[in-house]
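Undergrad: This is a predicted model, with the sequence first.
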Amino acid sequence: MTLKVDLNADMGESFGPWKMGNDAALLDVVTSANIACGFHAGDPDVMAQTMGLAVEKDVGIGAHPGFADLQGFGRRRLAMSPRSLSHMITYQMGAAQATAEAAGGTLRHFKLHGALANWASEDAEVARCCYQAALAYAPDINIFVLAATEMETVVRALGCSWSGEIFADRAYNEDATLVDRSLPNAVISDPELAAQRVLEMVRSKAIISSTGTSIPARIDTICLHGDGESALKIARSVRQSLTADGIKVTKV
């Protein structure tokens, strides 16, 4: 049986005249786009433009909600009550859904951003709060989760549609969570190294931690961050490596 995997990237993260990443070029490489919903990054114009391009290039559109933290790019953990957290997810889902439909597309998946995602990968109650809010709004939405973390535990219990995700450009702890960005070698910028790691993990069906530990995992989609200097090179290198090895790249 031919192995299949989705490639996703975070995008739509520009804001007004300030530009981040090369979304147009990335959309020629990835099969799914996680589009910022205006809280940690993005704005209505950027969302509309990015989703319009995704529709044009037949790339799956996903909501990418995060904390209301433009200055910190959603990478600072904010204390919130479950009620407020749920409302924050609903608000961003609504914006994403409306913008996707206006662009002629549909909202296919949901993926938490930054500090909110890291929190949910460690805390099942946070993950459950976010996912239940998303599912209440869109019951059939496909939830992207950090494979082999509390996120996966929650979606399995909820019985919803979900996809296990690994990161091409991030180092892993031994519990399958991501190494904090403030630590050395947490972010991988070498395209060849990223491609080699991804191929090894997809083939072995396991996450490889920074210490070499192998963590069995369901791998449906691979994240390629869009905001780094080598983002586009990493994306192209990963896709080329996968296809050269006979792995089919297709949206989930």
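TA: Now that the structure is in, tell me what you want to look at. Computed from a predicted structure; not experimentally measured.

Undergrad: which outside residues touch the helix or strand containing V46?
TA: Assigned by DSSP states H and E, V46 falls within helix 44-56. For helix 44-56, the surrounding residues in contact (Cβ atoms under 8 Å, 6 or more residues apart in numbering) are 11-16, 23-24, 27, 33, 35-38, 42, 59-61, 95-96, 99-100, 102-105. Where C-beta positions appear, they are placed from N, C-alpha and C, glycine not excepted.

Undergrad: what packs against the helix or strand just after that helix?
TA: Following helix 44-56 in sequence order, the next helix or strand is strand 60-64 (DSSP H and E). Under the contact criterion of 3 or more Cβ pairs under 8 Å, 6 or more residues apart in numbering; DSSP states H and E, strand 60-64 touches strand 4-11, strand 32-36, helix 44-56, helix 82-102, strand 107-110.

Undergrad: If we use 7 Å, what do you get?
TA: Judged by 3 or more Cβ pairs under 7 Å, 6 or more residues apart in numbering; DSSP states H and E, strand 60-64 is in contact with strand 32-36, helix 82-102, strand 107-110.

Undergrad: So for P191, which of those sits nearest?
TA: strand 32-36 (20.0 Å; Cβ to Cβ).

Undergrad: Between helix 82-102 and the closest one, find me the angle.
TA: 120 degrees (axes from the mean of the first three to the mean of the last three Cα atoms, to 10 degrees).

Undergrad: What pairs with strand 32-36, parallel or antiparallel?
TA: Strand 32-36 has these partner strands in its sheet, going by DSSP bridges: strand 4-11 (parallel), strand 60-64 (parallel).

Undergrad: Now do it against helix 44-56, angle only.
TA: 170 degrees.

Undergrad: Off-centre distance for strand 32-36?
TA: 7 Å (Cα atoms, centre = their mean, to the nearest Å).

Undergrad: Kindly report the same for stretch 145-153.
TA: That offset, for stretch 145-153, works out to 13 Å (Cα atoms, centre = their mean).

Undergrad: who's in contact with that stretch?
TA: Residues outside stretch 145-153 that contact it (Cβ atoms under 7 Å, 6 or more residues apart in numbering): 117, 120-124, 127, 155, 162, 164-166, 176-177, 207, 215, 217-219.

Undergrad: Let me know the average pLDDT across that stretch.
TA: Here stretch 145-153 scores 98 as its mean pLDDT.

Undergrad: same thing with stretch 36-53?
TA: Average pLDDT, stretch 36-53: 98.

Undergrad: What is the end-to-end distance of it?
TA: Terminal residues of stretch 36-53 are spaced 14 Å apart (Cα to Cα, to the nearest Å).

Undergrad: T243 sits in which helix or strand?
TA: In the assignment (DSSP H and E), T243 maps to helix 231-244.

Undergrad: returning to that earlier point: now, of the contacts of stretch 145-153, which are buried?
TA: 117, 120-121, 127, 155, 162, 164-166, 176-177, 207, 215, 217, 219 (16 or more other Cβ atoms under 10 Å).

Undergrad: What is the nearest of those residues to D6?
TA: Relative to D6, and with distances defined as Cβ to Cβ, the nearest of those is E165, at 8.7 Å.

Undergrad: Please state the backbone phi and psi of that closest one?
TA: The phi/psi pair for E165 (degrees, to the nearest 10) reads phi -120, psi 140.

Undergrad: thought it was touching F144?
TA: Yes - using Cβ atoms under 7 Å, E165 is in contact with F144, at 4.9 Å.
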